[in-house]
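1. Need the 3D shape of this:
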Amino acid sequence: MGTNSGLDHFDGRWRSFTPNDGLPKGPIRAVAQTIDGTLWAGGDHGVARMHTDTPGNPWQVVGIEGLTGPVFALLGTTDGMLWAGTDAGVATFDGASWTVVPLYQQSGLPARVLALAEDSNGRIWAGGDTLHRIDAQSRQAYWIDNVRFHSRIQALRVAPARGQWPEILWVGTAGEGLWSYTDHWRHFGMPEPGQSAEGIASNNVLALTLDSDGALWIGTNGSGVSLFNPDGLSFFWGGKNWRTLTTRDGLAADAVASIVLDSSGTAWLATIAGVSRLDTRSWQKLATLDQPTIDSATAAFVDRQGRLWFASDRLGVIVVDGNAVHHISAERSGLPEDMVRSVLVDNNGFVWIGTARQGIVRARVMDVLTAAEDHLPAWQAFGDETLGSNVLRASLAASDGSLWFGTYNGVHRFVPMPSGRGGQWTHYTTNDGLADNIVSQNAIAEDSTGTIWVGTNTAINRLSYGSSRWTNYQLGEATTSKVLSVAASNAPNAQYPVWAGTDTGDVYALDTSSNEWRLIDRIGSPIYALLAPDDSYLWAGAGAGLVKLDVDSLMQRIFTREQGLNDNEVHVLARDAANGVWIGTQTGIMRHQPEQVPPTVRSVSVNGKPPAGGKVQFLSQTPIGVAVEGSDMATPASELGYRMGIPQMGAGWQNETDEHWTLDPLGPGHYTLEVQAVDGELNTSAIERVDLEVVPSVVAPMLGRISVSQASVMAVSTATALTGLMGIALLTIRQRKRRRAALRRRFNPYVSGEPVTTQEMFFGRHDTLARIVDTLHENSIMIHGERRIGKTSLLLHLVEHLHTAHDSEFMFVPVYVDLEGTMDDELFSIMMEETIGCLPRYLPSIPALRYHQIAWTEYDHREFSRDLDSILELLAQTTRKTVRVVLILDEMDVMNTYQPVTQQQLRRIFMRTFAYSLGAVVAGVNISKSWDRVESPWYNLFNEVALGPLSDEAARELILEPVRGIYQIAPEAVSYIALHARGKPYLLQQHCMEAVNLMLAAGRNKITLSDARRALVDLQRQRPPKAHRLTRRSLRPQGTKL
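-> Predicted coordinates for the structure are as follows:
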C-alpha cells in the first residue's frame, strides 16, 4: 500500500518501506507487478524496483530520464512491459530505459493519466483528463472522442468476456458515476431521490477491480464500496445485482482509494483512515428476493449434478442449482405438507421427500424443478401402510442404487426396479438386531465397503453389505447416550471410516487398526450433524456452533456467531464440489468457504539466541526458551496457534497457543526442533527446523553453569590467575559490602506501574528516540502501541532530550500535555496552560495572553492561535535559531471521543502560517481514524511510529543492569524472565521486582530460576483472568480495520 512516506507491506505482519530502503522520496501513488514477479512503486519522484536479493536496501530507483512529473499509475502488461501514467501522458520501461508516449487533451494541453488498463488484444487504455487507447506495439495513441461524460477519469478496469457478456471496459469518473463500453457506452449512476432502484452508492468513483465471480468492486469517495454483478448472485446477495458496504459494515472509512483481491478472494481496501480487509466469501447467507430468510433446515442432499437440496421444517424443500434457487412447497409444488425431514435424489431421476406427518412422496426431478401453477408434479406417496410410520427421520441413497429411510419404526430399504417404476421394500426392526427402532434425525450413512450405519436412541447399528442381520455398539460409558449423528468416509483405506456424535457432545470414530470405537473429542454440546473427513478435516454441527477437527493432530476450531454463523445450533451439514461447507440452522442456511492459504512461521530465538544458520548451541540442564513468530493473511498474529516437536524425543507434536514457551532441559546431544504455525482454519505452515546442539555443563563456584570445555580451560588458567587475586580481592570486599547493605535496605531498583524517568532505567528506546528527534525538524509524529508498552516513558525522555539538545538550526521548546480525562471543550485551555508552564525556562516573564482573560471552557482554537503567535514572537527574540514549539500530547486516545469539529480545529492550528514553528508528538493505544468529513483528517499530518516490545538484547539489559554489582541473577532466570515478558517493559519490571522480593525474603543475593518461576505464578494470580480462547475470531462477511 502506498502512503505519503513510502510503502506498507502486509503478509500477516506489517512492514514499512521508506526512502531509507531505496524508495523515491515523497508519496507513493502506484504499485504494480510485472509478469516476472518484480514489484514496482511509483510516486512524485520516479519509479523504484524491488530486489529481493538485497534485503538491506531492497528498493532501487530506475532511470528517470523521460519521466516528467509524478507517476500516478503503473501497469504490468502481458508482454512483460511496465507502463507508467504521468502528468503528460504515458511511458514504458523495458528494463533499461523509458519510452515516452505524450498524450494531449482536445485543447492541446498535456493529458494527465490517472489510470491504466490492458484489454485482451494487448491494447492499453489510459484515462485521466481524457481517454486514450494505445497500440502496445507501435505506441500509436488514439483519443476516444465519443465519450458521453466530461468528468475526470479516476479508475479503469477491463472485464474479460464471461458467459453471455462480452469483454467490457469499465470507467470510473470523478462526478458522473460508472460507465461501461463494449460497442456503445452505458451509464451506471446513483438512483434518483425517491427511486427504489439499485445502483452505485456515489458518482465519485476512485477505484475498480474484478473478482473471480465476475463481480465489479467500486471504491467511492465518501460512500464506501459498491459491488455490482450483472448475473445477480441470487443466494449471496438476496437476488440483487448491487450491494454497498460502508463503515457500518466494518470499513475503516467510506473513502476507498484502492482495492486489491488476494489469492483467496478477500478484498483489501485502502481508505483515508487505513486498510480494511473485507471477506465476503467465508460466510454467505442463502436468501432470495421471495424468501429472504430460509430457516428451520432439517436435512441436506447433494445430487450427481451438484445441486444442493435442503429440507426445511417450515418451507418444504429449497434447491440450489448454480445461481438459481428453487422453492418446492405445498403451495407452489403440491407437496402434502411443508414440514420436511429428509430429501434425496435416486439414480432414476426421482426426488424422494420425507415429511414429518405424511410419510414419503416422490416425483421426477425435472417436473419438480419446472413446476408451475397449472403444471404440478405427479407425486407418489408411501405412507403408514408401507413404512409403519408417517414420520421420516433420515434417508440415504446407497452406492448400489438402493434407498434407505429411518423412521420411528425402524429402518426401511427400497430397491427400485431398473425402470424406476416399482421396487421392493424391506423393513428392519429390533427383531433384526437393531438396538431400538427410533432412528435419530439424519443419522444414517454408508461407508466405502457398502456397510450401512444407523444411529438410534441407544446405540450405533451396523448392517454389512449382503447381510440381513444388524450389529449394534454402545458408545461411551453412559448407556443412556443417544447417537444423534453418523458420517462415513469415502476413502477406501481411511483409519477412521465411520464417525458418530452423541447427545452428550462426544465424537467417536471406528478405528480400523483395532476395530474398536475410539473417543476422539469431547465438544460438550449435542452433535447433531457430521461431515466425514474426506479432506482430513471432520466437521461437526453442534449445539454450541460449528466445529472443525484436524483428524491427524486433533486440533479443533469452533465457529460461532462471533465468527459469522447466524445461529450457534447447527443441525445440517453438506459439502459442495468447491469444498464449501453448507450449514443449516434454525434461523437460516449459510455457506462457509474455508480459507486455504497456509500461514508462515520463523524461529526468533532459542534461549535468547537467534538461530544463525538454523543452529543454536546451549548448555545442558538449562530450561529451553523458544520464541517464534507466525503470520497469516487472514488470522491475526495474536490468534495463531503453534505445533512444536523434537523427533529425537519421540513424543510427537505438542500444541501451543503462544509465541513463547519453555521446554524442560535436554541432555547433551544433537536435536532438531520443529515448529509449525496453525491458522484459524487449521491450515499449517511449512515446518521450521532449528538444529539444537546441547553441550555438557557443570556448575562452577561464583560463575554458575558453564560448559565442560570452559571448566577445563579455567582449571589450566587457575595458577596464572592467582597472581591477580590480591587486586581483585579488594574489589570483591567492596562489592560484598554493597550487597550486604542492599540486603539490609531491601534494595529493589525496578519500577512497576509508573513511567520510567531516570536514564539508568531507560532501555531499548534510544534508537526510536533519535529517530523521532531527527524527524521533528520538519514533521510531526504519532506514536502508537499497546498499553504499558512504554509510550509515556518515551515522551518524558523526549522532553528531557529536547531541553538539552544542542541543535545547530532549531531551539526546541517541548511542552508535555497529559490529555487523560480532558473534555473537548477544555483541549485548547489545557494545551495553553502547559505551554505557559514551560515558558519560565526561556522567558524572563510571562506575557499577558488571551488565556488569562477568557473562561476556561470558552478558550477555543482561535484564542490558542493568537496566544501561540505572541509566544513564538517573544521566543524568537531570545535566539538566532528557529524556534520550534513541540506539543507532546500523551493519552491521545481521548481524541476518539471529541467532536469532529474539535479535531478539525486542532488540524487548522498546525496548518497556520506559524506551522513551521510548531510540531507535535502524540501517543495513544488506538487512535481512531474514522472520518466522514470532506476536509483531510487531523491525523494525516503525522508520521506514524509503532512502539513495539523491546528486543531480546534490550530486555536482558533491563533485567541485568539495574542490579549489576549488587545482586546476581542466574542465566537461566534471565532467560526465563525475558521469555515470558515477551519484550514488554512493564512485564519485565514487574517480574524482576517480584523476583527480587522473593530473593530478599529468602535472605539471598542471587535470583534463581526458582525465584523467577514463583514470581511469575504470583503475578499471574494478581492479574485478572484471561478468557480461554477456543478459536480464532474469523472475519465476518464485513470489513475489519487492521
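
2. so what's Val1017 up against?
-> For Val1017, no contacting residues are found, by CB atoms under 8 Å, 6 or more residues apart in numbering. For the C-beta atoms, the positions are set from N, CA and C on the backbone; glycine is no exception.

3. what's the distance between it and Tyr976?
-> 12 Å (CB to CB, to the nearest Å).

4. Kindly report the same for Ala805.
-> Ala805 sits 39 Å away from Tyr976, going by CB to CB.

5. okay, the two: which has more neighbours?
-> In terms of neighbours (other CB atoms under 10 Å), Tyr976 is the more surrounded of Ala805 and Tyr976; the figures are 25 against 13.

6. host element of the more buried one?
-> Element membership of Tyr976, judged by DSSP states H and E, is helix 971-981.

7. tell me what that helix is packed against?
-> If you count contacts as 3 or more CB pairs under 8 Å, 6 or more residues apart in numbering; DSSP states H and E, helix 971-981 packs onto strand 624-631, strand 660-663, strand 704-707, helix 952-960, helix 985-1001, helix 1009-1022.

8. Give the full set of residues in contact with the nearest residue to Arg139 once chain neighbours are set aside.
-> Closest residue to Arg139 apart from its sequence neighbours, by CB to CB, 6 or more residues apart in numbering: Val101 at 5.1 Å. Contacts for Val101 were tallied using CB under 8 Å, 6+ apart; they are 89-92, 134, 139, 141.

9. Parallel or antiparallel, list what pairs with the helix or strand where Val101 lies.
-> Using DSSP H and E, Val101 sits in strand 98-102. Looking at strand 98-102 with DSSP bridges, its partner strands are strand 89-93 (antiparallel).

10. where does the stretch 351-500 of the chain have low pLDDT?
-> For the stretch 351-500 of the chain, the stretches with pLDDT under 70 are 373, 477-480.

11. give me that answer again for 90
-> Counting by pLDDT under 90, the stretch 351-500 of the chain shows low-confidence ranges at 370-376, 383-391, 417-422, 474-481, 490-495.

12. chain center to stretch 142-155, what's the gap?
-> Here stretch 142-155 is found 39 Å from its chain centre; the criterion is CA atoms, centre = their mean, to the nearest Å.

13. Next secondary structure after the strand holding Val101?
-> Moving toward the C-terminus from strand 98-102, the next helix or strand (DSSP H and E) is strand 113-118.

14. now that following strand against strand 98-102, angle please.
-> Between strand 113-118 and strand 98-102, the angle comes out at 110 degrees (axes from the mean of the first three to the mean of the last three CA atoms, to 10 degrees).

15. contacts for strand 113-118?
-> The contact list for strand 113-118 (CB under 8 Å, 6+ apart) reads 72-75, 77-78, 83, 85-87, 89-90, 103, 124-128, 132, 136, 152-158, 169, 172.

16. Can you give the strand pairings for the helix or strand just after it, parallel or anti for each?
-> Helices and strands here follow DSSP H and E; after strand 113-118, the next one along the chain is strand 124-128. Paired with strand 124-128 in the same sheet, following DSSP bridges, are strand 113-118 (antiparallel), strand 131-134 (antiparallel).

17. that's a helix at Ile558, yeah?
-> No: remark: Ile558 does not belong to a helix; assigned using DSSP: H, G, I helix; E, B strand; the rest coil, it is strand.

18. Am I right that it is in contact with Gly541?
-> No: assessed by CB atoms under 8 Å, Ile558 is found out of contact with Gly541, at 11.4 Å.

19. what sits in contact with each of these two?
-> Common contact partners of Ile558 and Gly541 (CB under 8 Å, 6+ apart): Val547.

20. between the two, who's got more neighbours?
-> Just comparing Ile558 and Gly541: by other CB under 10 Å the higher neighbour count belongs to Gly541, 26 against 22.

21. ok, that one to Ser951 distance?
-> Separation of Gly541 from Ser951 (CB to CB): 47 Å.

22. same question, Trp98
-> Using CB to CB, Trp98 is found at 42 Å from Ser951.

23. what sits up against the helix holding Tyr976?
-> Counting by CB under 8 Å, 6+ apart, 607-608, 622-623, 625-627, 660, 662, 704-705, 952, 955-956, 959-960, 987-988, 991-992, 995, 1007-1009, 1011-1013, 1016 sit against helix 971-981.

24. Tell me which stretches of the stretch 601-750 of the chain form strands.
-> All strands of the stretch 601-750 of the chain, identified by DSSP state E, counting those that start in this stretch, fall at 615-619, 624-631, 641-645, 654-656, 660-663, 669-678, 688-695, 697-700, 704-707.

25. Regarding Pro377, what is its secondary structure?
-> Secondary structure assignment for Pro377 (three-state DSSP): coil.
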